[in-house]
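Q: sequence below, structure please.
(2 chains)
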Amino acid sequence: MTRHLYVHLPFCAHRCGYCDFVTVVGRNPQHGAYVDALLGELAFERDLLAPELETVFLGGGTPTFTEPHELERLLGALPRADEVTVEANPETVTQELARMLRELGVNRVSLGVQSFRPHLLAVLERVAQPDTVRRAYYHLRDAGFDNVSFDLIYGIPGQSPADLDADLADSLELSPEHLSCYELEAKPGTRFTHAHGAELARQADAMESYFEAVVDSLTSAGYRWYETANFCRTPERADGRDLRSRHNLAYWLGRDYLGLGIGAVSTIDGRRWRNTPRLPTYVAELGAGRRPPREVEPLTVDVRRRERVMLGLRLDEPLQVDGLGDVLDDSALERLQRLGLVDRTGPTLALTARGRMLGGGVTADLLT
Amino acid sequence: MTQDRIRNFSIIAHIDHGKSTLADRILELTHAVSSRDMREQVLDSMDLERERGITIKAQAVRVGWKGHQLNLIDTPGHVDFTYEVSRSLQACEGALLVVDAAQGTQAQTLANAYLAIENNLEIVPVVNKIDLPQADPDAAAAELADLIGDSPDHVLRISAKTGAGVEDVLDAIVERVPLPAGDPDAPARALIFDSSYDQYRGVVAFVRVVDGRFATGEPLRAMALGTRFEAEELGFFSPARSPSGTLEAGEVGYVITGLKDVSRLRVGDTLTSENRPAAEPVPGYKDVKPMVFAGLFPTDSDDYPELRDALEKLKLNDAALFYEPETSQALGFGFRCGFLGLLHMEIVRERLEREFDLDLLVTAPNVAYRVKPPHEDWREVHTPTDMPNELEEVEEPYIKASIIVPKEYVGAVMELNNDRRGRFDHLEYLSEERVHLTYELPLAEIVLDYYDQLKSRTRGYASFDYDVIGFRPGKLVRVDVLVGGESVDALSLIVHRDSAYDRGRALVERLQKEIPRQHFDVAIQAAIGARVVARETVKARRKDVLAKCYGGDITRKRKLLERQKAGKKRMKQVGMVEVPQEAFLAVLNLNEEKK
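A: Model prediction:
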């Protein structure tokens, strides 16, 4: 049984060019049917959930673009949890929405800021303006949210190092509890990549220094770099609270989780499955009282161990190596230790600061 | 059959100009192969050879035409095999010179056409592919006639594909190709122009009987090598082996020798009868030695035994191939192989990869050197790492290069040869348009990219041929490459002292581009002895992470990581540095870089 639940709300006002999530544009009349289907799937899988949940995470899409009364119905029907996060786009966050989320037990909001530069927001095809972001943030604070996370993107076509510094400074000025900073991943063959090819190549060359700038500014501003792309205020700066995303930590620690909705992935008891990404199929099947079509991937012990290493080494806390069998390459480990990229202390393995910057390559080296 | 009924000929054509199709048509028309059994391009039998695991190389097919015996002798088609080509041509009295009606005369055609003329062959000019919409048979015929000094009316116009005009070709062979002129009563002599290996019956020699008569069971001797054996079976190809009991003056056929080692019977040697031996061999035999050497390594070191077996099998059919085990600290276990030239190397490599399904890494080729270390005797060195640091003298092989080129490219060719330490020898106008140039060059200067350069500087019009003329002293030094402080044996090269600095510099720069950034700074140095002459650094990576990873894409990210891992596995580990296989070929492209 799992204590972590993910719910996918795919609806968006507009599909941004760089986005590679399962999203559905508009379709407001369908929101109700989709929420019915979600609740139907929840009923099917109820037994997989522990009586007490640790985390619930509503991701998207733009969960807050969902028709408010449907979102309300969904939140009202979902099980309670210690941490309930909803992803939101700034332009959707009104005073009323913020209050409604708070009243329905949401205690963490992840705000899709991406940037505070108008020209970069335009490139990303984001609806929000810098002021929209600030307004949304204050609505959330006013409604009593004391755990807000920002998503930032760097490596945007047209971005300069100064733009990134300004984005980081603007974010820090608002002092969110948590920040997720991603490099822009432009998938080959997408409209976005086609439109920005040459500039994306230039940005790729600058990505190293961007990453360093992000880590440097945020850590020196008192944030803990607890995962490759995630930062949170240290307990000293948060009244002793641990502000890491508990839901995402569950993924990185290799725990089981249940995912509901189109394209949602679940991993439970050595099995991983992914729901159909097709909205009509999902709604129709659950409407007919059947589980949605799923792609199932059995996870062998070996694969699970490899994933433990891959995910665990993203964190700043050491990885327990006992029970990992022979997935670690001892000679590579020794070599990486000599290079000052890895620390092995007793039964734990951790990456050094430089090792974390090279985490992908180091992990590839470490695995047999 | 009496000699006046025999015609021996070969077909000379540029690649894709239709040699194989014409051969097929001839076999079909003469009923050597029924059209039902007609397998496209019967003479190209390599794949079939492999399927059956035996050699059925049919490079000399006998067909009948209007009461005559025609022997079609196939020729290998490239400069590395000039010697083999010349032996095949020596076995004929005539040659069909086939030119594509759309493309006209090509460089490769010329070299072999001149070779045929030198061998006093009667040339039967043929313009092929007249059925193509873009064909210009008149222009092609005029050019061809001009080339061989014949009348355009004499040029046959055919389409091997449709069969149009092919009968005329057969008639022309009977009419124009001279009769064999050997002495049927003299002591028997036969020229070996090719050989193959049959795993059950040993070496099979392909021969042209010059004088006298051979019979099954007769004790025979190869005159140059002195090899003795008994003729287990005599016969001809039709195109399958057809035992005939005897082979007479003028005829072409095979001799099954029972010999288990191809190197004991070399192309160009003369067979004679032990009982009544000839006094003189057929002229022209040469001991062909490998002059170009390269290391062959399996990409996956587990494939070493397969590579060894494959080379053993290949060697059975290729007496010129030489190999010995070689160990490289960078590339592991492999073989140092000797080849006649670059194309021979290319063919061996291709056959190893295609027929034996091996993934190979071939190091930059080098030539054989003769070295004399202090207080030691002269010895031959086949790999740069074996080159001693201290030397009294070094010698390298020289060639005489013969280049035929339209006159407007003479300057470009001279410039290329001067760049390559060439010494001008001779220039002669073959016609108003075409010039024949000869140069003496170190073989080392042509093994890398000389053909490519020659071709690109002459728009493909140059034809090129060479002969090794012996070893000469050279001011040579070994340049070593160090990656991350470790010397990489597979990258060492031997160069002329005057260009050592430039080559070292170019190699290091090239490697800097080929070696991906690692977790740490990697120094790349070129050194002569202990003196570093060039240095570059591959800066350490500062970031190498998967941007984000959540519950929905763990599988995909895991697969990405596995791919990254697989990419690393394909690299060779030099000390701590991961070096991609392509980097080992960097030496191959140095000159390209310079231009």
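Q: residue closest to the middle of the chain?
A: Here I'm looking at chain A. What sits nearest the mean C-alpha location of chain A, by C-alpha atoms, centre = their mean, is residue A:248, with 6.8 Å.
Q: hmm, no, I was thinking of chain B.
A: residue B:344 (3.0 Å).
Q: surely it is in a helix?
A: Yes - applying DSSP: H, G, I helix; E, B strand; the rest coil, one finds residue B:344 inside a helix.
Q: can you tell me how far it is from chain A?
A: Look at residue B:344 and chain A: by C-beta to the nearest C-beta, to the nearest Å, they are 40 Å apart. In short, each C-beta sits where N, CA and C put it, glycine included.
Q: repeat for residue B:238
A: Residue B:238 sits 57 Å away from chain A, taking C-beta to the nearest C-beta as the criterion.
Q: that residue and residue B:216, how far apart?
A: Noted for residue B:238: a distance of 17 Å to residue B:216, by C-beta to C-beta, to the nearest Å.
Q: residue A:2 bridge partners, please.
A: Residues in a beta bridge with residue A:2, per DSSP bridges, are residue A:49.
Q: show me what contacts it?
A: By C-beta atoms under 8 Å, 6 or more residues apart in numbering or on different chains, residue A:2 lies in contact with A:48, A:49, A:50, A:255, A:256, A:257, A:258, A:268.
Q: cool, and residue B:204?
A: Applying C-beta under 8 Å, 6+ apart as the definition, the contact partners of residue B:204 turn out to be B:55, B:57, B:195, B:196, B:197, B:198, B:254, B:255, B:256, B:257.
Q: include distance to chain A when you put those into a markdown table, please.
A: Output for these, formatted as a markdown table (distance: C-beta to the nearest C-beta, whole Å):
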| residue | distance to chain A |
| --- | --- |
| B:55 | 45 |
| B:57 | 47 |
| B:195 | 50 |
| B:196 | 47 |
| B:197 | 44 |
| B:198 | 47 |
| B:254 | 56 |
| B:255 | 58 |
| B:256 | 54 |
| B:257 | 54 |
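Q: may I see the ChimeraX selection of the buried members of those?
A: Under the burial definition 16 or more other C-beta atoms under 10 Å in any protein chain shown, those of those that qualify are selected in ChimeraX by:
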select /B:55,57,195,196,197,198,254,255,256,257
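Q: how about the helix or strand hosting residue A:36, does it reach chain B?
A: Assigned by DSSP states H and E, residue A:36 falls within helix A:31-45. No - taking C-beta under 8 Å from any C-beta of the partner chain as the criterion, helix A:31-45 and chain B are apart, separated by no less than 14.9 Å.
Q: other SSEs contacting that helix?
A: Helix A:31-45 sits against helix A:68-77, strand A:258-260, helix A:279-287, with contacts defined as 3 or more C-beta pairs under 8 Å, 6 or more residues apart in numbering or on different chains; DSSP states H and E.
Q: reformat the ones you listed as a markdown table; add mean neighbour count.
A: What follows is these, written out as a markdown table (neighbours: other C-beta atoms under 10 Å in any protein chain shown):
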| stretch | mean neighbour count |
| --- | --- |
| helix A:68-77 | 17 |
| strand A:258-260 | 24 |
| helix A:279-287 | 17 |
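Q: quick one: low-confidence parts of chain B?
A: Residue ranges of chain B with pLDDT under 70: B:15, B:32-58, B:76-82, B:106-108, B:111, B:586-595.
Q: go again using 50 as the cut-off
A: Low-confidence segments of chain B, defined by pLDDT under 50: B:36-38, B:40-58, B:592-595.
Q: spell out which parts of it neighbour chain A.
A: Listed as neighbours of chain A in chain B under the rule C-beta under 8 Å from any C-beta: B:519-520, B:541-555, B:557-558, B:561, B:564-565, B:568, B:576.
Q: so which elements touch the helix or strand bottoming out on mean pLDDT in chain A?
A: Scoring the helices and strands of chain A by mean pLDDT, DSSP states H and E places strand A:24-25 at the bottom, with a mean of 86. Other elements packing on strand A:24-25 under the criterion 3+ C-beta pairs under 8 Å, 6+ apart are strand A:11-12.
Q: strands paired with the strand it packs on, and their directions?
A: Each strand pairing with strand A:11-12, determined using DSSP bridges, is listed with its direction: strand A:24-25 (parallel).
Q: run the chain-centre distance for the strand it pairs with.
A: In this view, strand A:24-25 has its centroid 19 Å away from the chain centroid, taken as C-alpha atoms, centre = their mean, to the nearest Å.
Q: related to what we said a few turns ago, and the contacts of residue A:2, which of them are buried?
A: When burial is judged by neighbour count using 16+ other C-beta under 10 Å, the buried members of the contacts of residue A:2 are A:48, A:49, A:255, A:256, A:257, A:258, A:268.
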